[in-house]
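> Sequence and computational prediction follow.
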Amino acid sequence: MTSSLISSRIAHGKASELLAKASAEFSAKLAQTKTLLQRAAAEYAPVTQASSLGAEDMVITHLINSLQLDIPVFVLETGALHTETLALLERTQAHSQAPIVVYRPEQASVMQFVRNKGQDAIYKSIELRKECCGLRKMAPLDRALQGQRAWITGLRQEQSNARADVPLQDDAELATKKISKFNPLAQWTWGDVWHYIATNAVDYNPLHDQFFPSIGCAPCTRAISLGEEFRAGRWWWEDEAAKECGLHVKK
Ligand code: SF4
């Protein structure tokens, strides 16, 4: 099959049908993920899930609900999300038993940044882009994590070179910030994620059907082409090494 034909099929297909392909160890990985979430809820309360509403995070929220765990979920609504993501947020709030708490940036700081640095500042330098991430994501994240003993993320080793060593439990910030991070899908493949979504009818962002594997803010996310890296559509105008917003950067 030619690559253009494959692209066209993917562009017109549903991600849950095209991408679902469980790895040989999927059952063991799923059992390990459930055990880890149960342990986080039992031994690390208060613990919360950080959800970007991406495919991985929708799987984790689904597991939290189906296991009836006392783990609230928070979403950073940056003020620059796609309409599809905002619609998914509304649907998730309506259907999740676990509370979905929304954190927004301080409006005055964002307006001051846009007024002083310009509407397109994020494309002008990495420093300005990171300043925007600082205002819209990092400051709300700090508020969301206040008083928590642990947080849960959808990081996977397969997502990028920078994430290749992501552990299931990360205590790197335990001494400084007194918080542990759980990455229960660390060893899942992209096919595993979609296998879970397809077999459990998990709701997901329709942008995934349009070749957006990794979804962030609208101005900083584009679709990827066949053969491009998983996170190639995030901050695509920057060097590979700079491609994190700060949420998961190791000091
Ligand atoms: S991802 Fe883009 S729009 Fe969103 S906070 Fe970062 S720089 Fe700003």
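Yep, it's here.
> give the contact list for the nearest residue to residue 179 once chain neighbours are set aside.
Counting by CB to CB, 6 or more residues apart in numbering, the nearest residue to residue 179 once its immediate chain neighbours are dropped is residue 173, at 5.6 Å. In this view, the C-beta of every residue, glycine as well, is placed from N, C-alpha and C. For residue 173, the contacting residues are 179-181, by CB atoms under 8 Å, 6 or more residues apart in numbering.
> what's the answer for residue 186, then?
By CB under 8 Å, 6+ apart, the contact list for residue 186 reads 155-157, 166-168.
> same thing with residue 99?
Residues near residue 99 by CB under 8 Å, 6+ apart: 72-73.
> Flag every buried residue along the helix or strand harbouring residue 108.
Of the helices and strands defined by DSSP states H and E, residue 108 is found in helix 107-117. Residues of helix 107-117 classed as buried: 110, 113 (neighbour count, 16 or more other CB atoms under 10 Å).
> Who wins on neighbours among the contacts of residue 173?
Using other CB atoms under 10 Å as the neighbour criterion, residue 181 leads the contacts of residue 173 with 23 neighbours.
> Report the beta-bridge partners for it.
Using DSSP bridges, the bridge partners assigned to residue 181 are residue 151, residue 170.
> tell me the contacts of it?
Shown in contact with residue 181 (CB under 8 Å, 6+ apart): 150-153, 169-173.
> again with residue 123
Going by CB under 8 Å, 6+ apart, residue 123 touches 129, 237.
> Likewise for residue 105?
Listed by CB under 8 Å, 6+ apart, the contact partners of residue 105 are 78-79, 135-137, 139-140.
> where do the helices sit along the stretch 1-150 of the chain?
Ranges of helices within the stretch 1-150 of the chain are 3-11, 15-18, 26-43, 55-66, 83-95, 107-117, 126-133, 139-145, based on DSSP state H, counting those that start in this stretch.
> Would you confirm that residue 19 contacts residue 189?
No: contact between residue 19 and residue 189 fails when scored by CB atoms under 8 Å: they sit 9.9 Å apart.
> Tell me the spacing between residue 14 and residue 59.
In this structure, residue 14 and residue 59 are separated by 16 Å, where distance is defined by CB to CB, to the nearest Å.
> For these two, indicate the residue with more neighbours.
residue 59 (25 against 15).
> and the more buried one, how far is that from residue 113?
Distance of residue 59 to residue 113, computed by CB to CB: 34 Å.
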